[in-house]
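>>> Let me see the structure of the following:
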Amino acid sequence: NTTQMIGYARSIIERSRRVGVPEEAKTIPMVRVGIHTGACMSGIVGTKNFRFCLFGDTMNTAARMEQHGLPECIHVTQDVVELVPDVCWEKQKLVDVKGKGRMQTYLLRLSIAVEKDAGTRSVSCGEHLLLPSEDYDEHDQKENTGEGVNLQKLAVVASPAME
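Below is the predicted model:
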C-alpha cells in the first residue's frame, strides 16, 4: 500500500505539470506532497454537505510532512522509508514537527521542467528553495520559491491495515 501511495503521489505531481496555464498568468501551479503511514480513523462529516474525512495522529503527521515539504517533491517520515527502502530517498536534517518533536524525514525529488520567458529549463526539485524553519518568514518564501509560484498541497496517509 505504501508503494502505491508513493506512485499515486508521483502521478499527481507529474499530471499537475500538464495543467494548462494561460501565457499571461503570473503564477505557475506547483504541488507539495507529504506521506506518513499508520493507523487512522475515517468517517462521513456534515449534515448538508457530506465529506469523507480522515482523523488521527497519522493524518496530522502526513499533513506536517506536506507543510515542511518542497514544491514538486514527496516528503516522508522514517516509517515510510522503512516500508519502501528501494526508493532514492534524500535524508533531511531533523525537522521539528508540531506535536511530535524532532523527526527524521526524507525527500523524494522529482525532475521538473519550468517554462520561463518562452524558454524551457530543467531544474531539480527544490532548486533555490529552503525548508521552512523557525525564522522562515514571508519574505524568505517569496525569495526562495521564486516570484509567481502557486503552491498546492496534498497529504497522503498509507494505512498499515492495507500493507
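
>>> can you count the residues close to residue 9?
23 (other CB atoms under 10 Å). For every residue, glycine as well, the C-beta is placed using N, CA and C.

>>> and it, that's in a helix?
Yes. Residue 9: assigned to a helix according to DSSP: H, G, I helix; E, B strand; the rest coil.

>>> Quick check, pLDDT for it.
With respect to pLDDT, residue 9 scores 94.

>>> Ramachandran angles for the closest residue to it other than its chain neighbours?
Nearest non-adjacent residue to residue 9, counting by CB to CB, 6 or more residues apart in numbering: residue 33, 4.4 Å away. Phi and psi for residue 33, reported as degrees, to the nearest 10, are phi -130, psi 140.

>>> any idea of the pLDDT on residue 33?
pLDDT recorded at residue 33 is 94.

>>> doesn't residue 63 make contact with it?
No. Between residue 33 and residue 63 there is no contact under CB atoms under 8 Å: 11.0 Å.

>>> Looking at the two, which one has more neighbours?
Neighbours per residue, other CB under 10 Å: of residue 33 and residue 63, the larger number sits with residue 33, 29 against 19.

>>> Bridging across strands, which residues link to that one?
On the basis of DSSP bridges, residue 33 is bridged to residue 74, residue 154.

>>> low pLDDT regions in the chain?
Residues of the chain that meet the criterion pLDDT under 70 lie in 111-163.

>>> One more pass at 90, please.
1, 16-30, 40, 54, 98-99, 110-163 (pLDDT under 90).

>>> residue boundaries of the strands in the chain?
Along the chain, counting by DSSP state E, strands occupy 28-37, 41-45, 51-55, 73-77, 90-91, 95-97, 101-103, 105-109, 111-116, 119-124, 149-158.

>>> Give me the helices and strands touching the shortest one, please.
So that's strand 90-91. strand 105-109 (3 or more CB pairs under 8 Å, 6 or more residues apart in numbering; DSSP states H and E).

>>> Run through who's touching the strand it packs on.
6, 10, 65, 68-70, 72-78, 80-81, 87-92, 95, 124-126 (CB atoms under 8 Å, 6 or more residues apart in numbering).
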